[in-house]
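S.K.: Let me see the structure of the following:
(2 chains)
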There are 2 protein chains.
Amino acid sequence: MAKLEAYDKTLDYSYAPGIFPATECLKNAPERCLRLLLSSASEKSVGAQALREAAQAEGIRVEIADRALERISKKENCFAAMVYKKSEGVFSADAPHIVLVNPSDSGNLGTILRTALGFGLTNIAIIRPAVDSDDPRVTRASMGAAFSLNIRHFDSFDAYRAEFGSRQLFPFMLTGAVPLAEATRKVTGDYSLVFGNEATGLPDVFATYGISTLIPHSDRIDSLNLAIAAGIGMYAFTNRQEA
Amino acid sequence: MAKLEAYDKTLDYSYAPGIFPATECLKNAPERCLRLLLSSASEKSVGAQALREAAQAEGIRVEIADRALERISKKENCFAAMVYKKSEGVFSADAPHIVLVNPSDSGNLGTILRTALGFGLTNIAIIRPAVDSDDPRVTRASMGAAFSLNIRHFDSFDAYRAEFGSRQLFPFMLTGAVPLAEATRKVTGDYSLVFGNEATGLPDVFATYGISTLIPHSDRIDSLNLAIAAGIGMYAFTNRQEA
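M.R.: Okay, here's the model as predicted:
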């Protein structure tokens, strides 16, 4: 990592742009932090100075890097970015999973990660092909939530099932057999909420993988936005009444 | 409306860009449609040709307008846009309202409108200052849902309360007194779900306006995204169990 490059998914490091995401990275994943980049203008920012001091206290190199920040962030006035080492998450046992099958939109993915952390759902499986969860746009949209989550990648849903197929699976589908409120009452142990791609949803075969779940809505829209559907599903399952 | 201008909120017309939103405009608000703009390339699109025929059947002028489409849509390959007359909605009686206080993000607003239509919540109050609900970016994000909704604007929340203050108000707040599931069981008649601005939420005084409602989440995030919170609230209230 001599010269900092514009982000590319083949790099083994990425950037958390913005004071808030960079601070979340430092606070929740200090062992992954490589360098803190600050802009010359960051001297005016109280938040940036607090971040600088916290990074120095952790022994993390701090540098003024206006050019690199411009390359990393298309937004103006990016005061700070943390350079961090990518790392594959490890799931905690006996906890629910959120499984995202082929998510393609960075804003949606970031919003889903933030929502998941809000509902205490910290184990996230991403089935490839998928938008890169270390893309700085995802990190920004997640407000840095990604650094508090265990995010694991799988090359196929079959690979996920091979390891976790004994859990209760709840694939969210427009053709789901069980309405959401009823589905939440069927939980008996470890479970996984499974959401499909923004445009295509989940393939029909997923209906055979578990309790296919429907969020009832009128036929005046084709479907709910993915992040909205995932948010409703996560809320309903984590606030369910016991059977 | 001689020469079609790039969209500006002071115009009395706007554009629904994209085949799907333009079709929704024609289907659900034909009386507001002024002209259909098509790109030269639209001849290759089955959807665009169906839209052209439907517009002609309604007696709406159709024209090839590549330059205007480029001005209107920053996206490439915009095959069509409907030029439509802006119009203030009229609320239907005895129905729930969604009240958006100072929403500022076009993507969020569009997503909320689409979600509201999905849950059959067709009366939407927008409290100014607010992002322009006729901005083509809102229309695009809503997938044209706006044309099936009654959207009314108010200059202040006091103006809304003066007319609708006798309804049950449920302001969604981080400091809400009543958890969402419990709040939904308090509905006894007409009600309004009230959501604040993306960055600032609702001012504290809203807690005195009705049943302030909390979506429980962990303190590991500052707040849920506005569209996510609104989606969860709309789902919970329209799928509530009667008290």
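
S.K.: how close does the residue nearest to the spatial centre of chain A sit to residue B:223?
M.R.: Nearest to the geometric centre of chain A sits residue A:113, at 3.4 Å (C-alpha atoms, centre = their mean). Distance, residue A:113 to residue B:223, by C-beta to C-beta, to the nearest Å: 15 Å. (Glycine included, C-beta is placed from N, CA and C.)

S.K.: quick revisit: and the residue nearest to the centre of chain A, which helix or strand is it part of?
M.R.: Secondary-structure assignment from DSSP states H and E places residue A:113 in helix A:106-118.

S.K.: In chain A, where is pLDDT below threshold?
M.R.: Residues of chain A that meet the criterion pLDDT under 70 lie in A:1-2, A:75-76, A:242-243.

S.K.: what residues does it put near chain B?
M.R.: Residues of chain A lying close to chain B (C-beta under 8 Å from any C-beta of the partner chain) are A:107, A:111, A:114-115, A:117-120, A:143, A:145, A:148, A:180-181, A:215-218, A:220-222, A:224-225, A:227-228, A:231-232, A:235-236, A:239.

S.K.: still on that earlier bit, run through who's touching the helix or strand following the helix holding residue A:113.
M.R.: Using DSSP H and E, the next helix or strand after helix A:106-118 towards the C-terminus is strand A:123-127. Applying C-beta atoms under 8 Å, 6 or more residues apart in numbering or on different chains, the external contacts of strand A:123-127 come out as A:89, A:91-92, A:95-103, A:113, A:116, A:133, A:149-157, A:160, A:164, A:192.

S.K.: Next step: the residues you listed restricted to helices.
M.R.: Using DSSP state H, the members of the contacts of strand A:123-127 that fall within helices are A:113, A:116, A:157, A:160, A:164.

S.K.: got a list of what the fourth one touches?
M.R.: Same thing as residue A:160. A:99, A:125, A:127, A:154.

S.K.: Out of the residues you listed, flag the one nearest to chain B.
M.R.: residue A:99 (18.6 Å; C-beta to the nearest C-beta).

S.K.: ok, now which ones touch the closest one?
M.R.: A:124, A:125, A:127, A:157, A:160, A:169, A:192, A:193, A:194, A:195.

S.K.: For it, list each beta-bridge partner.
M.R.: Bridge pairing for residue A:99 (DSSP bridges) gives the partners residue A:125, residue A:194.

S.K.: domains for chain A, by residue range?
M.R.: By the assignment in automatic domain parsing, chain A contains the domains A:13-85, A:97-238.

S.K.: Turn those domains into a markdown table, columns for distance to residue B:34.
M.R.: Shown next, in a markdown table, are these (distance: least, C-beta to C-beta, whole Å):
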| stretch | distance to residue B:34 |
| --- | --- |
| domain A:13-85 | 36 |
| domain A:97-238 | 24 |
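
S.K.: Could you single out the most deeply buried of these?
M.R.: domain A:97-238 (a mean of 20; mean count of other C-beta atoms under 10 Å in any protein chain shown).

S.K.: Just give me how far it sits from the chain centre.
M.R.: Offset of domain A:97-238 from its chain centre (C-alpha atoms, centre = their mean, to the nearest Å): 11 Å.
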